[in-house]
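Q: Take a look and give me a structure for this.
(chains A, B and C)
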Amino acid sequence: MTAALQVLARRAGLYALAAWAAVTLNFLLPRLMPGDAASVMLARFQGQLEPEALEALRETFGLTDDGLFTQYGQYLGHLVQGDLGTSIAYFPAPVSEVLIEALGWTVLLAGTALILSFGLGTALGAVVAWRRGGWLDRWVPPLLAFIGSFPYFWLAMLLLAVFGFQLRWAPTRHAYADGLAPGWDPVFLLSVGQHLALPLITLVIAGLGGWVMAMRSTMITVLGDGPVTWARARGLPGRWILWRVAARAALLPSLTGFGMALGYVLGGTLLTEIVFGYPGQGYLLLQAVQAQDHPLMQGIFLTITLAVLGANLLVDAVTVALDPRTRR
Amino acid sequence: MGEVLLSVRDLRVGFVTPDGLVEAVRGVSLDVDAGELVGLVGESGSGKSTVVQAVLRSLGPPGVITGGQVLFDGQDLVTAGPVALRAFRWRQASVVLQSALDSLSPVRRVGDQLGDTLAAHDETLARDPGARRARCAELLALVDLDPGLLDAWPHELSGGMRQRVVLAAALALTPKLIVFDEPTTALDVLVERQILRRVLALQRELGFAVLFITHDLPLLREVVDRVAVMRDGELVEVADQAALAHGGQHPYTQTLLGSQDLAPAPRRLDRTRPPVLSVSGLSKAFRRPDGTRVDAAAGVGLQLHRGEAVALVGGSGSGKSTVAKLIARLLPADAGQVRLDGQDLLVRRPTLGDRRRVQVVFQDPYASLNPVHTLLHAVGRPLLRHGICTRDQVRDRAAALLEVVGLTPAEDFLDRHPHACSGGQRQRVAIARALACEPDVLIADEPTSMLDLTLRLGILNLLARLRDERGLALLFITHDLVSARALADRILVMQHGQVVEQGLAQDVVERPSHPYTCELVAAAAEGWSRQVEEPPP
Amino acid sequence: MTGWRAIWDGIWQHPGARLGVLLVGAFVAVATVGPWLVGDPLAFVATPLQPPSWQHWLGTTGQGQDVLAQTVCGARPTLIVAGAVGLTVVVVGALVGGLAGFLGGPFDDAASLAINVTLVLPGLPLMVVLAAWLPPGPASIWGVLVLTGWAWNARVIRAATLSLRDRDFVHAAIVAGESPVRIVAVEILPNLLSLLTASFIGATVHAIGAQVGLEFLGLGDVGAVTWGTNLYWATNDAALLTGSWWTFVPTGLGVALVGFGLTLVNYGVDEQTNPRLRSERLWQALLGSSLATRDRTPVAPHLRPTDG
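A: Numbering: from 1, shown residues only, chains lettered A, B, ... in the order given. Okay, the predicted model is just below:
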């Protein structure tokens, strides 16, 4: 198992470095802007915020009069304790509090959408590659590519307009019906499911094309490789060659692609949430941008980054576990 | 021998390309009798693999069969439908593919892959895992492998073991014919012979017919019943043992058999002056992915005088290419000295002047010229880089160089791109390019191994002429003792990174002392046994 | 063997890619000439939220502006910024990726680290925090997109360079004493022309989407007329609530058609990068669907080889 652990350790090291880069970027950005960051900040919010808010803002950014490295140390110290500062849009709530609940909703939506679209897309991609040149291959990939050319949030707008407002088949905002109290009871869960439906369908349709094409191109390479040629020569039935030999060989590279696409897909998810008024991190992001709530923006950036890095590490672990070559 | 098992009649196969349908196999007819060993021989591009893949109907796109019949036990495979083909495949005839090492899927266990082969064709075995496993164990035993390997992953097996697994799979349904499609792509003559011996033993035991495809005719010469020689998509000759003993009838067959006289006239060489190139203690070690250390070169030393050709000979993995790269400074050495006219080059990074004095001709004529540049650019750029001439003189100088290497009229060639030239022409351009900056030492790294046999002699003669006319010091890297003998004054034999024997070419070849050298000589003997038996002039 | 000419030929001969060229060409034409043919996109022309009619072919926005004018005028800035990003990203990627792949050693280690870290950080949140600190406008958007987008192409080009690095013509250039920058720029990159073209197209497509996303959030210059800001205002003016689909559908269609067109062109370019694809497509076309099976070699006695 040493080889496997070595591989994982290197990946974990990379992620740790990326996390550090994100954290440090957050720290440096306000200080990189021309002019004294503090006065810029103050000038922007002059007259809009009370003195306590301004002071809290100053503290959040650690814009004290200490040296740069001391500030950095204080900043890291706060982070470790989970203190991401105070939000402006939701003043006086701390950023971490505002984020936590939203994070849960985003993970629910994004996670489900990813698993569904990756699963469906990969299977479809395998079949399409197998029947290359047939009618399936001629129409499905271009159609999916065309649908995928629309921005995620635009598809959301379309589906919302048609199914939400026009046909009234689905609710048009929030994660569950107003007035319901959160709990594990069936009524609540059903409401959650109903509100999840449209955003989920949007994300799955929008993302499907990408997975199909990625798997298709991996499969095409695999279908030209030695093992498939040998399987064909041996007269194995088509279904066996497709699933047992080819798709199996294509699985590992496509998992790698999955990890890399996570960040990108998440971006589309955030924007989709906005359209549906879904109370996830995307919705928060919009509020933050509109209110120029930098602590919240940076908090969102940090949590999303850590979530993506964590998910990447998980995917890497699965990939290593599935690959017999890394076992010793 | 027996009755006719496979009868190929006037087979025609083409490939769809952007320029239209190109014919790759033009009316080939061939018979294989039951229990026979038939060879199908030709160089790369001859169409031999295409013929066999078309026979088995396993040729993929963009291939098309455009004519002919393939009769197996009376049934025409060309007109057979999917059901008939399924019954035929693997049960009647099986294949051991080119680089069998790539045939095993790395993500499935060996036993599963063998088992699939059985389950796909045998209903009872498909339903009974126990019986299936037992049969797989039998198959492994047949090729001298431990049945415990059924649970192993392919990457845990060595290359040779994987090859035997693929052979075991080919034997699974006891077919009447087994096709071996260039089962060894390695250049190492010794490995090829081991494989062949095993196949012969199994054939005696089980009685199947063999169609053996290879580019190496001498390999098969003594064991085949018949051999079919292909060139450019056509069958040139079908020779039986009697014809082969006479060296073949068709001139092309004779070339493939290597039955030409390549021994050069003896020369006198002035070795009183100091050597232009002196190498000592040259070492380089690599680390494999699993951490083990491989000594590609260990304390290698050699000397080269002006106007002399020295051959560095060895099998694959002997370290000869590494030594060439170390001297050419394409790889950094771990230790040692490389002295040009007494001055050690390795003490500093290569200067432009250093680079000018040592040039290289590479192995692969299809990769040694940049496809996007014209021949003028290829040959002219070194002229400019090293200040040999000015910009307005480049064209004339480059033309002169092309003429020296035999590409006349040079004007026709200067503005061409490499893809419009043949392999032999490209190799000549590569030599011209190496000569452009007027080097002292020319390293030729297997310059002929990727060329057609008919072209090799021409290149070797060109190198010999350049050595004599320009006083070049030539370091010739090769695995082929025959060409080494043809070109070199002295031969150094390498094995496992060390020089195991050296001396005058004639001495090394006729009176080898080290066991490895003896093996190489024996393996090459088929190629020029006539020379040794011929009385000296 | 592939020059610009060959790439163009390859694109034009692929039916899908040809359609893509026409699509993209049409939009470029609209972006260039269109603004002179329509009215002022910011002028108040009629009652807000009017559906399409003969006076206003695509209706009016929530602020009474002409949707057609906004869609047409929005094309130019969007396409220019996206094209600029695509070009910059490919040039940066080619230099960094090419040198890293060729030189190896510490330079490659550092470059690969930078590439991997940039790739692993999620795109949109990073773009947002960067853009939020910059003054709104096309220059900021260009900067943010280049900063977050250079790494993907650098990695692809690095991988391609690695595959060419041990070819003998590269060795020959080293032995001839050429400098690393010259080898990368003159020997290696010209062999990757179709890959570079495909990268440019891919980067441009991605830049359109990312740009529109950022502007949708309100991080662009909301006073300017671009495709992204069109969608921003459509949401702000409660298009969905009122069922005013015409305020966002045309712009979305524009984005999708240009993106799809560029993707189609890339199919043609891919055939140049991988000529086997082209041969197989021609094989498929020549034999027709009934004969072109892959599990057994097709037999076509009626075909005659081309002489030449």
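
Q: Please make it C-alpha for all contacts and neighbour counts, starting now.
A: OK.

Q: Let's verify residue B:281: helix, strand, or coil?
A: strand (DSSP: H, G, I helix; E, B strand; the rest coil).

Q: Show the contacting residues for residue C:176.
A: Contact analysis of residue C:176 by C-alpha atoms under 8 Å, 6 or more residues apart in numbering or on different chains lists B:355, B:356, B:359, B:382, B:385.

Q: Taking the residues you listed together, which two end up most distant?
A: Farthest pair in the contacts of residue C:176 (C-alpha to C-alpha) is B:359 and B:385. Separation: 13.8 Å.

Q: Could you pull up the residues touching residue 164?
A: Defaulting to chain A. Contacts of residue A:164 (C-alpha under 8 Å, 6+ apart): A:170, A:171, A:172.

Q: sorry, should have said chain C
A: Contact analysis of residue C:164 by C-alpha under 8 Å, 6+ apart lists C:170, C:188.

Q: which element is residue B:35 on?
A: For residue B:35, there is no host helix or strand (DSSP states H and E).

Q: Looks like it contacts residue B:205 (just checking).
A: No: between residue B:35 and residue B:205 there is no contact under C-alpha atoms under 8 Å: 10.8 Å.

Q: Please say which of these two ends up with more neighbours.
A: residue B:35 (21 against 9; other C-alpha atoms under 10 Å in any protein chain shown).

Q: in what helix or strand does residue 256 lie?
A: Reading this off chain A. Going by DSSP H and E, residue A:256 is part of helix A:248-276.

Q: you looked at the wrong chain, it should be chain C
A: helix C:249-273.

Q: what about that helix, near chain B?
A: No: Helix C:249-273 is not in contact with chain B by C-alpha under 8 Å from any C-alpha of the partner chain; minimum separation 11.3 Å.

Q: What residues sit buried inside stretch A:191-202?
A: A:191, A:192, A:194, A:195, A:196, A:198, A:199, A:200, A:201, A:202 (16 or more other C-alpha atoms under 10 Å in any protein chain shown).

Q: how about it, does it reach chain C?
A: No: applying C-alpha under 8 Å from any C-alpha, one finds stretch A:191-202 out of contact with chain C, separated by at least 14.6 Å.

Q: Just checking the distance from that stretch to the centre of its chain.
A: 17 Å (C-alpha atoms, centre = their mean, to the nearest Å).

Q: Can I get stretch A:129-146 as CSV, trimmed to CA atoms?
A: Extracted C-alpha coordinates of stretch A:129-146, given in CSV (Å, rounded to 0.1, in the frame of the first residue of the first chain):
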residue,chain,number,x,y,z
ALA,A,129,-18.4,6.0,-28.2
TRP,A,130,-19.1,2.3,-28.8
ARG,A,131,-21.7,3.1,-31.4
ARG,A,132,-19.4,5.6,-33.1
GLY,A,133,-20.7,6.8,-36.4
GLY,A,134,-24.2,5.6,-35.7
TRP,A,135,-27.3,7.8,-35.4
LEU,A,136,-26.8,8.0,-31.6
ASP,A,137,-23.3,9.4,-32.0
ARG,A,138,-24.4,11.7,-34.7
TRP,A,139,-27.1,13.5,-32.9
VAL,A,140,-26.7,13.2,-29.2
PRO,A,141,-23.3,14.8,-28.7
PRO,A,142,-24.0,17.8,-30.8
LEU,A,143,-27.4,18.3,-29.2
LEU,A,144,-25.9,18.0,-25.7
ALA,A,145,-23.0,20.3,-26.7
PHE,A,146,-25.5,22.9,-27.9
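
Q: which intervals of the stretch 1-150 of chain A have sub-threshold pLDDT?
A: Confidence mapping of the stretch 1-150 of chain A against pLDDT under 70 gives the ranges A:1, A:33-65.

Q: What are the boundaries of the helices in it?
A: Here the stretch 1-150 of chain A has its helices, by DSSP state H, counting those that start in this stretch, at A:2-32, A:37-45, A:51-60, A:68-80, A:95-130, A:135-149.

Q: Which residues are in contact with the closest residue to residue B:394 other than its chain neighbours?
A: Spatial nearest neighbour of residue B:394, chain neighbours left out: residue B:380 (5.9 Å); criterion: C-alpha to C-alpha, 6 or more residues apart in numbering or on different chains. The contact partners of residue B:380, taken as C-alpha under 8 Å, 6+ apart, are B:394, B:395, B:397, B:398, B:433, B:436.

Q: element containing the first one?
A: Residue B:394 is part of helix B:394-404 when elements are defined by DSSP H and E.

Q: Which is the succeeding secondary structure element to that helix?
A: Note on helix B:394-404: by DSSP H and E, the next helix or strand toward the C-terminus is helix B:410-414.

Q: What are the buried residues along that following helix?
A: Neighbour-count burial for helix B:410-414 [16+ other C-alpha under 10 Å]: B:410, B:411, B:413, B:414.

Q: Just name the closest of the residues you listed to residue B:8, please.
A: Using C-alpha to C-alpha, these come closest to residue B:8 at residue B:413, 41.9 Å.

Q: From residue B:65, how far off is that closest one?
A: Residue B:413 sits 36 Å away from residue B:65, going by C-alpha to C-alpha, to the nearest Å.

Q: Kindly report the same for residue A:216.
A: From residue A:216 to residue B:65 the distance is 28 Å (C-alpha to C-alpha).

Q: With residue C:14 instead?
A: With C-alpha to C-alpha as the criterion, residue C:14 and residue B:65 are 26 Å apart.

Q: Those two - which one has more neighbours?
A: residue B:65 (26 against 20).

Q: Check what pLDDT that one gets.
A: At residue B:65, the predicted lDDT confidence score is 93.

Q: Contact partners for it?
A: B:11, B:12, B:13, B:14, B:54, C:297, C:298, C:299, C:300, C:301.

Q: what helix or strand is it on?
A: Using DSSP H and E, residue B:65 sits within strand B:63-72.

Q: Going along the chain from that strand, find the next helix or strand for me.
A: According to DSSP H and E, the helix or strand after strand B:63-72 is strand B:75-76.
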